[in-house]
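Asks: just coords:
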């Protein structure tokens with residue numbers, strides 16, 4: 001009986017580790033794609049790209065907290081997210097981005113959010 005329980009625990013541990021690895025790998029791919037976009041499309045230097053990525057990483061936990069808060073209604077959640085996005089845009093300007101560059105990043109983020117909204121949970125995007 002102990003062998004069965006230990007075996008089941010090992011299988012669950014391996015399965016959850018593989019899932020975490022896949023999520024982290026996908027997150028890394030998304031970060032690399034964002035860096036490439038900032039450098040190639042927005043025409044930012046490597047130093048500014050690093051600064052923009054640092055701003056994004058700083059605000060990501062706050063955005064996640066707002067998004068996951070089930071006590072807020074959709075209107076309150078949207079208001080808080082909009083306030084946070086305004087703070088992020090201000091930080092982008094503080095590191096040297098122009099209004100046009102900030103707009104390009106915001107437009108890309110909006111497109112990505114729309115694509116993510118069209119995906120079924122845990123699945124590929126709808127076509």
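Replies: Great, that's in hand. The structure displayed is predicted, hence computed values, not measured ones.
Asks: contacts for whatever helix or strand residue 82 lives in?
Replies: In this structure, residue 82 sits in helix 74-94 according to DSSP states H and E. With contact meaning Cβ atoms under 8 Å, 6 or more residues apart in numbering, helix 74-94 is reached by 52, 55-56, 58-59, 62-63, 66-67, 69, 72, 99, 101-102, 105-106. Heads up, the C-betas are built off the backbone N, CA and C, glycines and all.
Asks: The helix or strand following it to helix 74-94, inter-axis angle?
Replies: Next in sequence after helix 74-94, counting helices and strands by DSSP H and E, comes helix 99-117. Computed with axes from the mean of the first three to the mean of the last three Cα atoms, to 10 degrees, the direction of helix 99-117 lies at 140 degrees from that of helix 74-94.
Asks: buried set for helix 99-117?
Replies: 101-102, 104-105, 108 (16 or more other Cβ atoms under 10 Å).
Asks: again, but for stretch 79-98
Replies: Neighbour-count burial for stretch 79-98 [16+ other Cβ under 10 Å]: 80, 88-89, 91-92, 97.
Asks: any idea which residue sits dead centre in the chain?
Replies: residue 60 (6.6 Å; Cα atoms, centre = their mean).
Asks: mind checking pLDDT for that residue?
Replies: Looking at residue 60, its pLDDT reads 92.
Asks: name the element it belongs to?
Replies: helix 46-68.
Asks: For residue 117, give its distance to residue 77.
Replies: 14 Å (Cβ to Cβ, to the nearest Å).
Asks: ugh, wrong one, I meant residue 108
Replies: 21 Å.
Asks: what's the answer for residue 99, then?
Replies: From residue 99 to residue 77 the distance is 26 Å (Cβ to Cβ).
Asks: Perfect, that will be all.
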